[in-house]
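[1] Sequence and predicted model, in that order:
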Amino acid sequence: MSTVLLSAPALEPITLSEAKAHLRVDSNAEDTLIQSLIMASRLHIEAALDLALITQTWRLRRDTWPSSRTMILPLRPVQSVTAVKVFDDADASHTLDLASFILDGAANPARLVWRGNGTMPSPSVAANGIEIDFIVGYGDAASNVPQSIRQALLLLIAHWYENREPVEIGATATVIPVAVSELLAPYRGRRL
């Protein structure tokens with residue numbers, strides 16, 4: 001199983017001006033650094049929680065269908081599934097009817113359930129024979145991202161802005177501030 005980003009978010013959930021106000025930075029001298037911290041913080045939180053904050057498009061590749069007829073999607077919240085394809089020996093794709101699936105995009109984890117009759121169309125290639133394109137994220141605007149996640153982003157940006165070295169000699173190492181982890185706790189994926 002692999003995932004590929006097809007289209008990145010059009011914007012970050014925190015603007016440069018919001019981050020600078022939170023950091024109490026008045027000059028433009030460190031704008032590039034702050035912008036990179038905004039992106040790094042978003043990517044860190046998305047990876048840690050299997051979330052997409054701002055609308056983005058991904059592709060999931062799998063070798064076979066699960067025996068349960070339920071495909072777990074690796075990111076959430078899923079807005080929609082745009083295509084499901086199965087590949088044959090000639091590497092030709094066959095697009096499946098989306099009406100044959102039920103999307104439970106708000107589930108934790110999100111899932112795509114086959115509701116078609118009979119057996120699921122199987123790929124005839126050995127690897128990556130199934131492709132599912134899907135759109136994830138809370139929405140197109142930063143205001144669509146839950147406020148507690150936006151606050152966690154600001155705290156993480158501030159932490160990395162103030163602590164530019166991975167470890168400070170003579171200080172207790174803090175990889176991620178506890179407040180950030182607590183703000184993000186309700187969004188953690190459920191694993192069984």
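    Received it, and whenever you're ready, just let me know what you need.
[2] which other residues reach the longest strand along the chain?
    Assignment by DSSP state E gives strand 78-87 as the longest strand of the chain. By C-beta atoms under 8 Å, 6 or more residues apart in numbering, the residues outside strand 78-87 that reach it are 55, 57, 93-96, 98, 101, 103, 105-106, 110, 112, 121-125, 128-137. Using the backbone N, CA and C atoms, a C-beta is placed for each residue, glycine as well.
[3] Tell me how the protein divides into domains.
    2-53+141-187, 56-136 (automatic domain parsing).
[4] The longest one - what's its average pLDDT?
    In other words, domain 2-53+141-187. The pLDDT scores in domain 2-53+141-187 average 92.
[5] now swap in stretch 59-77 and tell me
    In this model, stretch 59-77 carries a mean pLDDT of 93.
[6] Buried residues, that stretch. List them.
    The neighbour-count check on stretch 59-77 (16 or more other C-beta atoms under 10 Å) flags 59-62, 65, 71, 73-77 as buried.
[7] just how off-centre is it within its chain?
    Relative to its chain's centre, stretch 59-77 lies at 15 Å (C-alpha atoms, centre = their mean, to the nearest Å).
[8] cool, stretch 177-192 as well?
    Centroid separation between stretch 177-192 and its chain, computed with C-alpha atoms, centre = their mean, is 15 Å.
[9] I'd like to know which elements the lengthiest helix in the chain is packed against.
    In the chain, taking DSSP state H as the definition, the longest helix is helix 31-49. Here helix 31-49 touches helix 16-23, helix 147-162, helix 178-184, going by 3 or more C-beta pairs under 8 Å, 6 or more residues apart in numbering; DSSP states H and E.
[10] got a markdown table for these, with mean neighbour count and distance to residue 4 too?
    Output for the helices and strands packed on helix 31-49, formatted as a markdown table (neighbours: other C-beta atoms under 10 Å; distance: least, C-beta to C-beta, whole Å):
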| stretch | mean neighbour count | distance to residue 4 |
| --- | --- | --- |
| helix 16-23 | 16 | 28 |
| helix 147-162 | 19 | 24 |
| helix 178-184 | 16 | 25 |
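[11] Using TSV, lay out those together with distance to residue 1.
    Converted to TSV, the helices and strands packed on helix 31-49 look like this (distance: least, C-beta to C-beta, whole Å):
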stretch	distance to residue 1
helix 16-23	35
helix 147-162	26
helix 178-184	25
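[12] ok, and the closest non-adjacent residue to the most centrally placed residue in the chain?
    With distances taken as C-alpha atoms, centre = their mean, residue 52 lies nearest the centre of the chain, 3.1 Å away. Once flanking residues are discounted, residue 52 sits nearest to residue 136: 3.8 Å by C-beta to C-beta, 6 or more residues apart in numbering.
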